[in-house]
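**Student:** Attaching a predicted model along with its sequence, questions to come.
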Amino acid sequence: MQGKNTCLKRDFAQTLENELEFHCQLLFYNYELASQALLDTVVSYHSQLTGEVLTLKRFTSLCCFMFVMTALIQAEDKLQVTEKGDALPVLFDGKTLKNWKITDFGGQGDVRVEDGMLVLDQGEPITGIHWTGAELPTVNYELQLEAQRIQGSDFFCAVTFPVQEQTCSLVLGGWGGGVIGLSSIDGFDASENETTDYYSFEDKKWYKVRLRVTDKKIEAWLDGDQIANVDYSDKKISVRIEMELSKPLGIASFQTTGGIRNLRISKVTAESLQKEADAQKSESATDTHKSETGT
């Protein structure tokens, strides 16, 4: 009988040892799940391990290893949270409309994702989406995206974005296809304020867009050329009434099919601004040197 009990204990011990090894592997993927599984295993097998000195040594070693690895992984996770605590959410994953909702303008066209591109089909008159995910910054941030007019003759990309307590829209290709600018400044929309300009857009060509909001300025670039530089300190910033539904962050097209890709957001800091200024200064000096030397 004693030999039989010893065999049973060894069987239980071996089973426990196998489970512990599995939990150690699981630890690398989910330490919380592994820790709970370890606790359940210990409770289940504890009473059946008495007397198994050698196996208990193995048991103790595995437990120590597991708890040490758990502590290390937890520490690493805390470090990652500290380093990435200020990270902003991914706006567009290129696969789904996660955290976006199709805006009910009435008469909107289809919205879909294909080949990494967000497609806003032609609406009657407007098609768009707006952000429903985590709270985004309202100042000291930069938006970047690429946009193209697939077909149509009006704006293929109107980005509505927060400006502290206010909201504004950057319009590309409005009023018949060529107007660019911010809507609205002191009640004047993109067709009639200081940012009004004209641009000849080509169908199915990608255009790189940058939009920056700081404590006092709204700036925008199109393919590297600055198209807006507004000190809004003493100005009223707003959106046209039809863009109210796009708040706080939204993208829309007007009687036009537009494509959007590589949409992302980042924080603007004094360090990032200085780095950009230094890069521009260096580039300017290089251009001057080439001009003077003819190289």
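**Tutor:** Cool, got the structure.
**Student:** sec struct for the closest residue to Asp104 other than its chain neighbours, please.
**Tutor:** Nearest residue to Asp104, sequence neighbours excluded (CB to CB, 6 or more residues apart in numbering): Leu245, at 7.0 Å. All C-beta spots, glycine's among them, are computed from the backbone N, C-alpha and C. With DSSP: H, G, I helix; E, B strand; the rest coil as the basis, the three-state label of Leu245 is helix.
**Student:** Tell me, how many residues neighbour Leu245?
**Tutor:** Leu245: 17 surrounding residues under other CB atoms under 10 Å.
**Student:** tell me the pLDDT at it?
**Tutor:** Residue-level confidence at Leu245 comes out at 97, pLDDT.
**Student:** cool, Gln48 as well?
**Tutor:** For Gln48, pLDDT reads 49.
**Student:** Equivalent analysis for His289, please.
**Tutor:** pLDDT, His289: 67.
**Student:** start at 33 instead
**Tutor:** Got it, the first residue is 33 from now on, which makes the last one we talked about His321.
**Student:** How about the spatially most central residue of the chain: what's its closest non-neighbour residue?
**Tutor:** Centroid-nearest residue in the chain, with CA atoms, centre = their mean: Val122, separated by 1.4 Å. Closest residue to Val122 apart from its sequence neighbours, by CB to CB, 6+ apart: Arg296 at 7.2 Å.
**Student:** List the buried residues in the helix or strand harbouring the one you found.
**Tutor:** For Arg296, the host element (DSSP states H and E) is strand 288-299. Neighbour counts using 16 or more other CB atoms under 10 Å place Thr288, Thr289, Gly290, Gly291, Ile292, Arg293, Asn294, Leu295, Ile297 of strand 288-299 among the buried residues.
**Student:** same deal with stretch 138-147?
**Tutor:** Gln140, Gly141, Val143, Val145.
**Student:** I'd like the distance between the first one and Ile161.
**Tutor:** What that stands for is Gln140. 9 Å (CB to CB, to the nearest Å).
**Student:** Need the overlap of contacts for those two.
**Tutor:** Common neighbours of Gln140 and Ile161, using CB atoms under 8 Å, 6 or more residues apart in numbering, are Ile134.
**Student:** hmm, back to that, looking at the buried residues of stretch 138-147, which are in strands?
**Tutor:** Val143, Val145 (DSSP state E).
**Student:** Check the closest residue in space to Lys130 that isn't next to it in sequence and give its pLDDT.
**Tutor:** Once flanking residues are discounted, Lys130 sits nearest to Gly165: 7.6 Å by CB to CB, 6+ apart. pLDDT recorded at Gly165 is 96.
**Student:** ok but Thr320 is inside a helix, no?
**Tutor:** Yes: assessed with three-state DSSP, Thr320 lies in a helix.
**Student:** ok, now which ones touch it?
**Tutor:** No contacts exist for Thr320 under CB under 8 Å, 6+ apart.
**Student:** circling back to that earlier point, verify the stated contact: the residue nearest to Val122 with Tyr173.
**Tutor:** No: Arg296 lies out of contact with Tyr173 (CB atoms under 8 Å); the separation is 10.7 Å.
**Student:** How about the contacts made by the residue nearest to Val122?
**Tutor:** Per CB under 8 Å, 6+ apart, neighbours of Arg296: Val122, Leu123, Phe124, Leu175, Gln176, Leu177.
**Student:** The fifth one pairs with what?
**Tutor:** Beta-bridge pairing of Gln176, defined through DSSP bridges, involves Arg242, Arg296.
**Student:** Let me see the contact set for it.
**Tutor:** Lys240, Val241, Arg242, Leu243, Asn294, Leu295, Arg296, Ile297, Ser298.
**Student:** Measure how buried the residue nearest to Lys130 is and give me the count.
**Tutor:** Residues near Gly165, counting by other CB under 10 Å: 13.
**Student:** Tell me where the model's unsure across this protein.
**Tutor:** The chain contains residues with pLDDT under 70 at 33-118, 321, 327.
**Student:** Helices of that one, residue ranges please.
**Tutor:** 34-59, 63-77, 85-116, 302-325 (DSSP state H).
**Student:** how distant is the last one from the center of its chain?
**Tutor:** What that stands for is helix 302-325. 29 Å (CA atoms, centre = their mean, to the nearest Å).
**Student:** Pull out the buried residues from that helix.
**Tutor:** Here helix 302-325 shows no buried residue, counting by 16+ other CB under 10 Å.
**Student:** Alpha carbons of that helix, in PDB - could you do that?
**Tutor:** Only the C-alpha atoms of helix 302-325 are listed here, as PDB (Å, rounded to 0.1, in the frame of the first residue of the first chain):
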ATOM      1  CA  ALA A 302       9.500  72.700 -27.600                       C
ATOM      2  CA  GLU A 303      12.100  70.200 -28.400                       C
ATOM      3  CA  SER A 304      10.400  69.000 -31.600                       C
ATOM      4  CA  LEU A 305       9.900  72.600 -32.800                       C
ATOM      5  CA  GLN A 306      13.500  73.400 -32.100                       C
ATOM      6  CA  LYS A 307      14.600  70.300 -34.000                       C
ATOM      7  CA  GLU A 308      12.500  71.300 -37.000                       C
ATOM      8  CA  ALA A 309      13.800  74.800 -36.900                       C
ATOM      9  CA  ASP A 310      17.400  73.600 -36.800                       C
ATOM     10  CA  ALA A 311      16.800  71.300 -39.700                       C
ATOM     11  CA  GLN A 312      15.200  74.100 -41.700                       C
ATOM     12  CA  LYS A 313      18.200  76.400 -40.900                       C
ATOM     13  CA  SER A 314      20.600  73.700 -42.100                       C
ATOM     14  CA  GLU A 315      18.700  73.100 -45.300                       C
ATOM     15  CA  SER A 316      18.600  76.800 -46.000                       C
ATOM     16  CA  ALA A 317      22.300  77.100 -45.500                       C
ATOM     17  CA  THR A 318      22.900  74.200 -47.800                       C
ATOM     18  CA  ASP A 319      20.700  75.800 -50.500                       C
ATOM     19  CA  THR A 320      22.500  79.100 -50.100                       C
ATOM     20  CA  HIS A 321      25.900  77.400 -50.500                       C
ATOM     21  CA  LYS A 322      24.800  75.600 -53.600                       C
ATOM     22  CA  SER A 323      23.400  78.800 -55.100                       C
ATOM     23  CA  GLU A 324      26.600  80.700 -54.400                       C
ATOM     24  CA  THR A 325      29.000  78.000 -55.600                       C
END
